[in-house]
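*Asks:* Fold the following.
(2 chains)
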Number of protein chains: 2
Amino acid sequence: MKKALVTGGAGFLGSHLSRRLLDDGYEVTALDNLFTGTKENIYPLLANRRFSFVLHDVTQPFWGQFDEIYNLACPASPIHYQHNPVETLKSSVLGVMNMLDLALKTKARLLHTSTSEVYGDPLVHPQVETYWGNVNTIGVRSCYDEGKRCAETLVADYRREFGVDARMVRIFNTYGPNMHPKDGRVISNFIMQALAGENITLFGDGTQTRSFQYCDDLVDAMRTYMELPVEKVGAFFAAKGLGAPVLNAGNPEEYTIRELAEKVLELIPGSKSEIVFEPLPSDDPKRRRPDISLARELLGWAPKVPLEAGLAKTVEYFKGKYNR
Amino acid sequence: MKKALVTGGAGFLGSHLSRRLLDDGYEVTALDNLFTGTKENIYPLLANRRFSFVLHDVTQPFWGQFDEIYNLACPASPIHYQHNPVETLKSSVLGVMNMLDLALKTKARLLHTSTSEVYGDPLVHPQVETYWGNVNTIGVRSCYDEGKRCAETLVADYRREFGVDARMVRIFNTYGPNMHPKDGRVISNFIMQALAGENITLFGDGTQTRSFQYCDDLVDAMRTYMELPVEKVGAFFAAKGLGAPVLNAGNPEEYTIRELAEKVLELIPGSKSEIVFEPLPSDDPKRRRPDISLARELLGWAPKVPLEAGLAKTVEYFKGKYNR
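*Replies:* Model prediction:
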């Protein structure tokens, strides 16, 4: 039986990935410090004998024998990471160091989750993996953006210097059940506001666009990516002129924030919410959309879940949260 | 008597700074793992009772009570840092974490040395401190560039989150005695080649420009910067729209690499060297020149040593090395 380690395993994405790995027959160890993750996310998994939860902070070394390591641990929403920026950066940088050391020592395959935030406020649109990004090193978002950039560098260098079989995925906006209801991100904000009958807050004029990927689509991409032989991955990215395997995973369909707010309101017909506007926070990226040509080519993958369908599932999840 | 800690204190810049701090009446502790630094650089200081050398790697915590910490430790030439990229990145990131933790615990003032490499292959010329840079996260230079970017983020966040009095200087190309003769950088390369009568190698067509700052000018800037009251520094950078104190220090005079080679040959009249051309290495930045308006305004500082004078001193130093 294959063994997988999932850091951030009680988080939004980690819990979906852990469930999927169990479905695929793996023995799964989920590591989480429960700073932003919560055991509620993994309640349905705890009864499975192939599942273990370990309360652990990824900034500290962790040892164990696994075939595959999925490194997801990091506070990923501005509300959380700006609350404790130094720890956020450490969870990215020390976390990936610890997981790379584990992969090196045990010859495990590693998938590190990077982020579209490495592109910052991009000057290239849509973003391709060869784009170097436009990121402020000393702003209030930098702890996340630069921590994630630095983690990519470590992955690339552990590959080159030590031959670790590590792969990276740059995750664009992803949503779905198990999102933290108060993570301050646009989809959870809008749904929670609509359910509470509070006004829906748009920052700026609401014309900034975002792409939204449903969680199951991302998990499909990650699993397919990790199944590929090491030689194929190496050859593919070298041929694309990339110094390491970094693959965008996101939904390239663009919606304005205003369209999103309207769709949420359609799904909650009785809501008394109205749309209101507030100023943009500092360093907020204006526009981001993945170019997923490489993922299509390498994985034969593209997102399948339409925004309406994914939103409907997410609204159902939040209704359960909100009505308790 | 004021106490100063200098990490990288046996390196090129650290040895000049340590000497200057002794001249200014400080008790100086120089920390170095001697990976690229060498005790030869501090032979003249060892007899001074106010000087201590400690063999220590800055990636490990270090404790002691100092008024001022100067964090210079990091392999800074591509030949050195590409030899051991993971350790290079760790020396930047773990090094600054350890020094920030020390500054936090002991209320010391910290000067962290960043680099013009945070601008990468800049799209803005000359580079101003508000420019965010153009850096590849996964290339062969990334261990240095991204390590230094991540260190800046840590400094900015330790300031915001914990109130550490930390300042940063982004150092542009600097040269002078005590440079490592085999660090692969352009000035040491040219002088060593000219002294040996070997051909002088220009990468590309030699028209890429660089700015060259003499080491004493940089040390002047660092010392003046560290003397400023904390309130003045905070207010100045806030007024400039910068999230943390980052100050360019370099010589804005531009020379082509070819002009530099010719000046070196003029200083070594008997040399049998000729100028030859080779292809540019990957990710080599094409052009870099500091805008030093902020340093002029804040410090009343500008470089004083002309290239010819600095080169002459550097040639004398290398002659001593080469003729032994």
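
*Asks:* Using CSV, write out the CA atom coordinates for whichever strand or helix holds A:Thr153.
*Replies:* Assessed by DSSP states H and E, A:Thr153 sits inside helix A:142-162. The C-alpha trace of helix A:142-162 is given here as CSV (Å, rounded to 0.1, in the frame of the first residue of the first chain):
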residue,chain,number,x,y,z
SER,A,142,5.2,39.9,0.9
CYS,A,143,5.3,37.4,3.7
TYR,A,144,3.2,35.1,1.6
ASP,A,145,4.4,36.0,-1.9
GLU,A,146,8.1,36.0,-1.2
GLY,A,147,7.9,33.0,1.1
LYS,A,148,6.3,31.1,-1.7
ARG,A,149,8.9,32.4,-4.2
CYS,A,150,11.7,31.4,-2.0
ALA,A,151,10.1,28.0,-1.5
GLU,A,152,10.1,27.5,-5.3
THR,A,153,13.8,28.4,-5.4
LEU,A,154,14.5,25.8,-2.7
VAL,A,155,12.6,23.1,-4.6
ALA,A,156,14.5,23.9,-7.8
ASP,A,157,17.9,23.8,-6.0
TYR,A,158,17.2,20.6,-4.1
ARG,A,159,16.4,19.1,-7.5
ARG,A,160,19.5,20.4,-9.2
GLU,A,161,21.9,19.9,-6.2
PHE,A,162,20.6,16.7,-4.6
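
*Asks:* That one and chain B in contact?
*Replies:* Yes - using Cβ under 8 Å from any Cβ of the partner chain, helix A:142-162 reaches chain B at A:142-143, A:146-147, A:149-150, A:152-158, A:160-162. In short, each C-beta sits where N, CA and C put it, glycine included.

*Asks:* quick one: average confidence on that helix?
*Replies:* Computed over helix A:142-162, the mean pLDDT rounds to 97.

*Asks:* beta partners of the residue nearest to A:Asn189 when sequence neighbours are not counted?
*Replies:* By the measure of Cβ to Cβ, 6 or more residues apart in numbering or on different chains, the closest residue to A:Asn189 outside its immediate chain neighbours is A:Thr201, 7.0 Å from it. For A:Thr201, the beta-bridge partners under DSSP bridges are A:Val276.

*Asks:* my read: A:Thr201 touches A:Ala194, true?
*Replies:* No - using Cβ atoms under 8 Å, A:Thr201 makes no contact with A:Ala194, being 11.4 Å away.

*Asks:* Mind checking if the lowest-mean-pLDDT helix or strand in chain A is in reach of chain B?
*Replies:* Confidence across the helices and strands of chain A bottoms out at helix A:78-81, with a mean of 80, counting by mean pLDDT, DSSP states H and E. No - shown here: helix A:78-81 not in contact with chain B (Cβ under 8 Å from any Cβ), separated by at least 10.2 Å.

*Asks:* then that helix to PDB, C-alphas only?
*Replies:* Only the C-alpha atoms of helix A:78-81 are listed here, as PDB (Å, rounded to 0.1, in the frame of the first residue of the first chain):
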ATOM      1  CA  PRO A  78      -4.400  37.600   3.500                       C
ATOM      2  CA  ILE A  79      -6.500  37.800   6.800                       C
ATOM      3  CA  HIS A  80      -4.600  34.900   8.200                       C
ATOM      4  CA  TYR A  81      -1.200  35.500   6.900                       C
END
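
*Asks:* Name the residues of the helix or strand just after it that come out as buried.
*Replies:* Sequence order places helix A:85-106 as the next helix or strand after helix A:78-81, per DSSP H and E. For helix A:85-106, burial by neighbour count (16 or more other Cβ atoms under 10 Å in any protein chain shown) applies to A:85-104.

*Asks:* How far away from the center of its chain is helix A:85-106?
*Replies:* Mean-position distance between helix A:85-106 and its chain equals 16 Å (Cα atoms, centre = their mean, to the nearest Å).

*Asks:* The next helix or strand after that helix - which strands sit beside it in the sheet, and in what orientation?
*Replies:* The element immediately downstream of helix A:85-106 (helix or strand, assigned by DSSP H and E) is strand A:109-115. If you go by DSSP bridges, strand A:109-115 pairs up with strand A:68-71 (parallel), strand A:166-171 (parallel).

*Asks:* ok, and for the helix holding A:Thr153, which residues are buried?
*Replies:* For helix A:142-162, the buried set under the neighbour-count rule, 16+ other Cβ under 10 Å, comprises A:142-161.

*Asks:* I am finished for the moment; much appreciated.
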